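In: need a structure here:
(3 chains)
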Amino acid sequence: MHHADDTIAAPPARQSATANLGTPPLLELRGVTRSYRTGGWFAPGQMREVLRGVDLTVREGGCTGVVGPSGAGKSTLCRIALGLERPDGGVVRFMGRDVRHGLGKDRRHVQVVFQNSVNAVNPRLTVERIIGEPLENFTPLNRRQRRARAGELLEQVHLSPALLDRLPHRLSGGQLQRVCIARALAPRPRLILLDEALSSLDMLVQARVLDLLTELRRATGTAYLFVTHDVRLVPLFCDEAAVLTEGRVAPVDMHARAQSRTRQAPHPAGAHHADPHQVAYDALRAAILPAMPANAPL
Amino acid sequence: MSTEALDAAAPPVVPATYPGAAPGNTLLRQLLSRPTALAALALLCIILSMAVFAPYLSPRHPADVDITRKFEAPSLEEPLGTDHLGRSVLARLCHGTRVSLFAVGAILTCIVAVGLTAGCVAGYAGGRVDSLLMRACDVFMTFPTFILALFLVGVLGSGLTNVIIAVACTHWAWYARFARGLVLGLKQREYVLAARAAGTRPARLVLRHILPPVLAQMLVMAGLDVGHMLLHVSGLSFLGLGVRPPTPEWGVMIGDAREYIGAHPEQLLYPGLMIFVTVMAFNLLGDALRDALDPAAARETEGGAACAAHAPDGIDATDGMVGPVGADGGDGLTAPEYPDAAGNRPVELDEVRTDARAGDDRSDMAPALAASAPAPVPALAVRGLELRRAARTAGTVRDTETGTTKPALSGPALGPPLVGPVDLTVERGQVVCLVGPSGCGKSLTCMALLGMLPDGVARTAGTIRVNGQTVDWQAPEGHAADGAPPERLRLLRGRGAAYVLQNPASCFDPVFTIGAHFQETLAAHLPAAPKDGPKGTRRPDWHTAALAALREVGFDDAQAILRHYPFQMSGGMLQRVMIALALVLDVPLLIADEPTTDLDLPSQAHVLDLLDQVRRTRNMAILLVTHDLSVAARMADRMAVMRHGRVVEQGDVRELFSAPRHPYTRALLAAHHRLYGLRPPLADGVAPQPLVTSSAAASRP
Amino acid sequence: MPAYILKRLAALIPLLLLVSVVVFLLLRAAQGDPAMAYLRLSRIPPTDEALATARRMLELDLPLWEQYARWLARAVIGDFGNSYVTGRPVLGEVLHYLPATLQLAGAALLLTLAVSVPLGVGAALHRDRPLDNAARALSFTSVSLPNFWLGFLLVWLFAVKLGWLPALGRGGLEHMVLPAITLSLMSMGINTRLIRTSLLENMHARHIMYARARGISEHAVVWRHMFKNSLIPVLTSLGMHVGELLGGAVIVETVFAWPGVGRYAVSAVYNRDYPILQCFMLLMTAIFVLCNLAVDILYAWADPRIRLGEDRA
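Out: From the prediction side, this is the model:
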């Protein structure tokens, strides 16, 4: 019934995954925790644990997928990975440097593309100014040069530079998402966080943007942290995967076959009880809908 | 603080669709396009000029007392006569305008400045600073506004300055709270986060990204409040606590005129009229500002909201693409804009049908059987359905095609249809998937099936038969008091066919329990038995029926579910309840409009499994609308691909998947397979091949 | 539900305390030298000796927080001191006038509800028809009218010109007609608009559409679903109305010489009779706060989302 497993070419991906293991980690989260306190002065404060322990690695030029349900945990994870929020505990390292208190000089190297492009841009600014914002902050280019560079970036994401003077509400969802990608690319970052960047797009546009992101990664060597709930895309697009479940994030084996879990013998002793993250991941994969109708005449 | 201003402030967080998106110049244009706004602006201009040109409009000084001339009748020299001290009424009115406008302007400036600053600081800084400022606001908001103003004037003493301070003190807390709410909402908005990631410093962040929308909303709130403030100022002056004599002020003039109400009532008239007209002008302007900045509220008054939500979007279908489409898959399909400026529709390929007649595909039934048994009535038969933008007006008109009467329509009924012509058939026990991108008209088609079209969209042609019964033309539903749907149509809804919709949480009434929903649905369709009716026609106990339906959809503790309120249940659970509501009346046709869109993968799978089960056990027909081809792959027997309101291809789902003919279907399938990491099947029927995955590609130099 | 009420009551106490501190401090700041003021009003010559006695009597020699504490202790048992003008206990004076104000405000509230509810509902159900247009025009006008002006116009028309109703004072039912109408007019306008807007919003709500899709009759849709949901925002605004009415009462009582506590407070302002002002302020605020609390409780009762908190199945 579920065809996705059978048809993806496992060996080549595994090969590249092992090849990547040698590359130095770009972004590392180890044991990251975060809680929020609810209640004010007059009510007893309650701590709500949103993240209980996050272990995550993104390598130079690699792509790590994080699968999990939408909610407070995922958004907090994204903000911490972006360096916009300080974790309560654990370690956050960017290129080996402790960045728990902010990225500082590495700010330009971690950028983001959000799910809802309409909310991700200031509706009062033109496309030129939207893309130009990181250029303004990180480069010494003047207005004219920034405009030229913005035009180049638009072409890189397959949009016409004629869109530079348009306001966001005059663009379609797909176009606006591409503008956001262009904005993320502007400061030539080492890592782009894709926070459900494809989820709000139509299928046709999703496929095109997926291709675009693949092409960009090939061209620029930027790493991706791909947060998504669509687990189909993970083996397709990512080198490594992790699963967010009950406030914890841990790496999982992307290509593990569901049946292989019954074969306990080859596994080292001690792996008797199932890793909850792997279990969650396998459950998600089991829920993937088929690519073709049953009994298709082929 | 007027409740109207609270009204406008009711959702304290800026909605996600960002109504404040209209940039400066278009706002002015919008404002000027409304007649009420123009009238208000004109009035305010007149009033302003009264203030500015006061010395020229009436030469006498307003404090110029001349007892010998008291209560003069209106004359050429004194168009409004004189008051009890012989002072020129016109002069006092004009100079009073200055006082009032100045007072209101000063109050407004104070309030917006203090409220904005306090609110922004509290919202942005958070923590203890926020708590402290909010406690301060709470304290000020505890007092009734006029009482507080009175008290402050009592404490500070009378005089215009103290009145300004007093009225400002009573209002600032509301604005601070409002600004704080907005800032809190904006702080977590994606574009603020993106700006922070782009390296923008806090100061510029606030100025460029947070302040403009907050200021805009606050000005709207202030606009709605100005009139109210003016009433407070003149009220205090009337009580003798405002300006000191002989400064003219409208409230004071009314207070002075009080004694002479018997003999000279006209002394009361002029100042009161001035207050009334000025406050009214401010209120009109405030309303217009609010409508201009909040398109949702304006649409409510224009009645086009639902239509806008459903209409196919006319945005550039080429998606602004430059260069070839994707690395593989698509065949360079580009489509012209639809429709173009002259209203011409593009020349499209004819609709591709992979079968000659609908209902042909019964491959699971032996041909002999199919020939001998009488053809069963399809659960849904749609022929030539066309939907257009049109307003329903009163009255009916005779439909020449079918000979029935239908509602009269006004509007561009001859333009190209939003949807149609559409033909669809769904047999019992069959699942037909209607597939297409968002905005293509699938939802409108679904709504049309049971006569549930929103205002502004109407069915202009075609027939719809549900279980053999023709669906009547829809009566206008905007005016609820009359125009209730004919009884036949009402009975069809929920009994002849039932809906299962996306975002189920918003479909249930939040103040009623699930059980109440079941009870009323059953009561609407199963009439109460007459007291002495024969046994066997008793209305089934709704409770038992509901429990049975809930168990059938997989709820173990059905009793508890009946007692729950919708907000206590997840989206997936509510979706199952919607299916149960269909089961409880044993509907033959289920119309599911994107039922799995907002759900996570495991819930999606459960809901689809449930639909499949229900189809098998009850022989139910299902029309399943989706934008995701994998749902069609999982569920469908037949599939219809919709684009720009037309069905471009339909037929057996397996044939469509393996050998699509229409370019758009091919493009969809290509994208679909791309997302699974597969190459699309080629026309010669070769099986889908795995794509080279990106990680392997990236590892190449 | 009882837990909710208790929680709200508990939260009120610190707030009321803060309010009392603010009132106390404001008054203290205003009075300049309370001892002088007292002597002046009591018409005692301000000799040094008299000043010293007055200071001791008014506890001005104690530290500020202690003055506040003592004041609060007395206020709680109802002792607000004596009026500077009459010398009689303040609470008694104020409470003497309170019933008249409550009577007027109550009548105005009833009138508001009696007119605005049917008008607002009718306007929403018959949208863009004559009834709706009339209702909107009326409510817009009433919101823009200064109530003191309206009061005088009504007095001129009905008392002076036609002689049907008395112009001033308190007495039988006919004395209450004009003041109640004047006081209720603004609230009537606001409420009508609010009800209309709330109903119209709910008319396009998704759950209304789904109810129709299930075959629920139009009658049930309007009266069972639309109405109940629309009621909730209207309920929350009731508290607002009480504030408006209490404030408006001050002016209306002055216009009609209605012997209520508002009019009394205005005269206290003229006379700088601070103890009266203080008591008036606290009393009005307490009434306002309690009314808001009652409204919140009603709201929680009506809306299960508030009542049941955030339980999820």
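In: May I ask which helix or strand encompasses C:Y84?
Out: Assigned by DSSP states H and E, C:Y84 falls within no helix or strand.
In: And for B:D423?
Out: strand B:419-426.
In: In terms of secondary structure, what does that strand contact?
Out: Helices and strands touching strand B:419-426, by 3 or more CB pairs under 8 Å, 6 or more residues apart in numbering or on different chains; DSSP states H and E, are strand B:380-389, strand B:431-435, helix B:442-449, strand B:457-466, strand B:621-626, strand B:646-652. Every residue, glycine included, has its C-beta placed from N, CA and C.
In: swap the cut-off to 7 Å and go again
Out: strand B:380-389, helix B:442-449 (3 or more CB pairs under 7 Å, 6 or more residues apart in numbering or on different chains; DSSP states H and E).
In: Need the ones you listed in CSV (columns: distance to B:V426).
Out: Formatted as CSV, the helices and strands packed on strand B:419-426 follow (distance: least, CB to CB, whole Å):
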stretch, distance to B:V426
strand B:380-389, 4
helix B:442-449, 10
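In: Any idea which of those gets closest to chain A?
Out: Of all these, it is helix B:442-449 that lies closest to chain A, at 12.3 Å by CB to the nearest CB.
In: Can you list the strands that the strand holding B:D423 pairs with?
Out: strand B:380-389 (antiparallel) (DSSP bridges).
In: what about the longest helix in the chain?
Out: In the absence of a named chain, this looks at chain A. helix A:203-220 (DSSP state H).
In: Chain C, not that one
Out: Longest helix in chain C, counting by DSSP H: helix C:90-125.
In: Rounded mean pLDDT for it, please.
Out: Across helix C:90-125, the average pLDDT comes to 90.
In: Show me what that helix is packed against.
Out: Applying 3+ CB pairs under 7 Å, 6+ apart, one finds that helix C:90-125 contacts helix C:130-144, helix C:173-203, helix C:227-256, helix C:261-271, helix C:274-302.
In: following the longest helix of chain A, which helix or strand comes up?
Out: strand A:223-228.
In: what's the angle between that following strand and helix A:203-220?
Out: Orientation of strand A:223-228 against helix A:203-220 (axes from the mean of the first three to the mean of the last three CA atoms, to 10 degrees) gives an angle of 160 degrees.
In: what's next to strand A:223-228, contact-wise?
Out: A:26-27, A:58-67, A:74, A:78, A:81, A:190-196, A:199, A:217, A:234, A:237-238 (CB atoms under 7 Å, 6 or more residues apart in numbering or on different chains).
In: One more pass at 6 Å, please.
Out: A:26, A:58, A:61-66, A:191-196, A:238 (CB atoms under 6 Å, 6 or more residues apart in numbering or on different chains).
In: Identify, from these, the entry nearest to B:R177.
Out: Ranked by distance to B:R177 (CB to CB), the contacts of strand A:223-228 are led by A:D195 at 31.0 Å.
In: Give me the pLDDT value at that closest one.
Out: The predicted local confidence for A:D195 is 93.
In: what's it in contact with, if anything?
Out: Shown in contact with A:D195 (CB under 6 Å, 6+ apart): A:C78, A:F114, A:Q115, A:V227.
In: swap in B:V432?
Out: The neighbours of B:V432, taking CB under 6 Å, 6+ apart as the test, are B:V426, B:L623, B:R638.
In: and the gap between it and B:P595?
Out: Going from B:V432 to B:P595 by CB to CB, to the nearest Å gives 14 Å.
In: Is the most centrally placed residue in chain A bridged to anything, and to what?
Out: When CA atoms, centre = their mean is applied to chain A, the residue found nearest the centroid is A:F226 (2.0 Å). Assessed by DSSP bridges, A:F226 has beta-bridge partners A:G65, A:L194.
In: What sits closest to the residue of chain B found nearest chain C if chain neighbours are left out?
Out: Proximity of chain B to chain C (CB to the nearest CB) peaks at B:F146, 2.8 Å away. In space, and not counting its chain neighbours, B:F146 is closest to C:G247: 2.8 Å by CB to CB, 6 or more residues apart in numbering or on different chains.
In: how far away is that neighbour from B:A168?
Out: To B:A168, C:G247 is 16 Å away according to CB to CB.
In: for C:E93, same thing?
Out: C:E93 is 31 Å from B:A168, where distance means CB to CB.
In: Need the helices and strands packed on helix C:90-125 in CSV (columns: mean neighbour count).
Out: Below are the helices and strands packed on helix C:90-125 laid out as CSV (neighbours: other CB atoms under 10 Å in any protein chain shown):
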stretch, mean neighbour count
helix C:130-144, 18
helix C:173-203, 23
helix C:227-256, 23
helix C:261-271, 22
helix C:274-302, 20
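In: On the three-state scheme, whichever residue of the stretch 401-550 of chain B sits closest to chain A is what?
Out: Using CB to the nearest CB, the closest approach of the stretch 401-550 of chain B to chain A is made by B:P437 at 4.4 Å. Following DSSP: H, G, I helix; E, B strand; the rest coil, the label given to B:P437 is coil.
In: For the residue in the stretch 151-300 of chain C positioned nearest to chain B, report the pLDDT, please.
Out: Nearest to chain B, among the residues of the stretch 151-300 of chain C, is C:G247, at 2.8 Å (CB to the nearest CB). pLDDT for C:G247: 88.
In: check contacts around it.
Out: Per CB under 6 Å, 6+ apart, neighbours of C:G247: B:P144, B:F146, B:I147.
In: Distance of it relative to A:A186?
Out: With CB to CB as the criterion, C:G247 and A:A186 are 55 Å apart.
In: if we can go back for a sec, how about residues contacting the strand holding B:D423?
Out: Strand B:419-426 is contacted from outside by B:358-359, B:378-387, B:432, B:441, B:444-445, B:621, B:623, B:645, B:647, using CB under 6 Å, 6+ apart.
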